[in-house]
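1. coords please:
(one chain, ligands or ions: 1)
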Amino acid sequence: MRYLTLPDGERIPALGLGTWMMGEQGSRGPDIIAALCHGLGLGMSLIDTAEMYGNGGAEELVGKTIAGRRDQVFLVSKVLPQNATRKGAVLACEKSLKRLHTDRIDLYLLHWRGNVPLTETIEAFVTLRQAGKIRHWGVSNFDLADMEELWALPEGKECASNQVLYNPGRRGVEFDLLPALRKRGLPMMAYSPLEQGRLLGKKALKELAQQRGVTSAQIAIAWVLRQDGVMTIPKAARASHLDENLAALDLKLSSEELALLDAAFPPPRKKIALALL
Ligand code: NAP
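-> Got it, this is the predicted structure:
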């Protein structure tokens with residue numbers, strides 16, 4: 001495993017496990033738990049979940065997955081913006097902890113920015129941290145202007161990460177957000193590195209994958225992880241996908257290969273508003 005460092009020096013894996021679309025009604029719990037256990041066994045010990053996923057169903061499956069090995073896992077969960085009030089975030093976190101069958105979340109994120117003032121949400125995060133219910137807090141889907149507003153607040157500097165959409169087809173963050181996060185020493189957590197699978201059929205990825213004897217998914221993951229300060233959390237419910245994704249850590253793309261991908265997926269030349277999935 002490769003590691004990144006949070007602002008306080010704690011190391012977290014560069015490749016973790018996503019859980020969106022896991023735990024929805026009708027999804028096969030035992031298969032999902034088996035897949036997540038397989039990922040943990042491979043060293044992908046960061047699990048990303050949220051109260052929103054499957055209406056708590058994903059957190060319940062994660063809780064079953066980490067039972068008996070909580071200390072080996074770096075657990076990330078998220079509060080919905082409408083719950084992110086001073087009292088609401090504390091309550092939402094307590095409910096998440098129950099579903100996760102644990103006493104602490106390692107990184108608790110505001111899922112996206114809503115109408116609740118940031119100061120209120122941060123107050124709740126600080127209360128939760130002081131009570132030992134969360135260890136770090138951060139945000140998700142925050143564009144640069146949101147981050148600047150956050151950093152201007154007294155406790156804003158304690159934000160540990162920003163989780164955003166980033167993959168070869170979604171490069172807007174490279175223009176301004178990623179450099180700003182890097183300057184502050186905040187890891188960027190890239191979600192939907194495969195654009196939920198929609199990227200995999202793209203010609204440039206397929207051709208390069210064929211040349212290198214790997215898969216499009218591995219090219220996309222290696223591309224996302226090519227730069228410092230970026231980690232990612234692909235969701236994979238199949239063991240073979242998890243094995244492939246792990247192997248992408250060893251895949252180094254040459255400057256010629258990166259130039260080929262730049263031609264197919266051009267880097268931003270101006271500000272592009274952050275997209276959400
Ligand atoms: P993703 O990781 O880009 O793609 C997941 C899809 O790719 C699944 O259908 C999966 O199939 C497939 N896949 C995984 N590895 C593969 C491989 N090696 N070869 C072929 N297909 C592969 O999409 P995502 O789930 O949207 O994003 C990842 C995680 O980020 C989420 O699960 C969630 O935890 C987080 N997220 C956060 C936000 C936010 O607002 N903060 C938004 C979206 C996502 P199988 O499942 O069949 O293996």
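2. and the stretch 51-200 of the chain, which residues reach the ligand?
-> His111, Ser140, Asn141, Gln163, Tyr191, Ser192, Pro193, Leu194, Glu195, Gln196, Gly197, Leu200 (Cβ under 6 Å from any ligand atom). C-beta here means a position set from N, CA and C on the backbone, and glycine is covered the same way.
3. nearest residue to the last one other than its sequence neighbours?
-> By that I understand Leu200. Ser216 (4.4 Å; Cβ to Cβ, 6 or more residues apart in numbering).
4. show me what contacts that neighbour?
-> Leu199, Leu200, Gly201, Lys202, Leu205, Lys206, Ala209 (Cβ atoms under 8 Å, 6 or more residues apart in numbering).
5. shouldn't the fifth one be within a helix?
-> Yes. Per DSSP: H, G, I helix; E, B strand; the rest coil, Leu205 lies within a helix segment.
6. that one: neighbour count?
-> 25 (other Cβ atoms under 10 Å).
7. where does it land on pLDDT?
-> pLDDT for Leu205: 98.
8. that one contacts Ala222, doesn't it?
-> No. Leu205 is beyond contact range of Ala222, at 10.7 Å (criterion: Cβ atoms under 8 Å).
9. so where's this protein shaky on pLDDT?
-> 25-27 (pLDDT under 70).
10. tell me where it has strands.
-> 3-5, 11-13, 17-18, 46-48, 74-79, 105-110, 134-140, 162-165, 188-191, 230-232 (DSSP state E).
11. can I get those strands in CSV with mean neighbour count?
-> As requested, these are exported to CSV (neighbours: other Cβ atoms under 10 Å):
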stretch, mean neighbour count
strand 3-5, 15
strand 11-13, 17
strand 17-18, 27
strand 46-48, 26
strand 74-79, 27
strand 105-110, 25
strand 134-140, 24
strand 162-165, 25
strand 188-191, 23
strand 230-232, 23
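12. tell me the contacts of the closest residue to Leu251 other than its chain neighbours?
-> Spatial nearest neighbour of Leu251, excluding adjacent residues (Cβ to Cβ, 6+ apart): Ala222 at 3.9 Å. Taking Cβ under 8 Å, 6+ apart, we find Ala222 in contact with Ala248, Leu249, Leu251, Lys252, Leu253.
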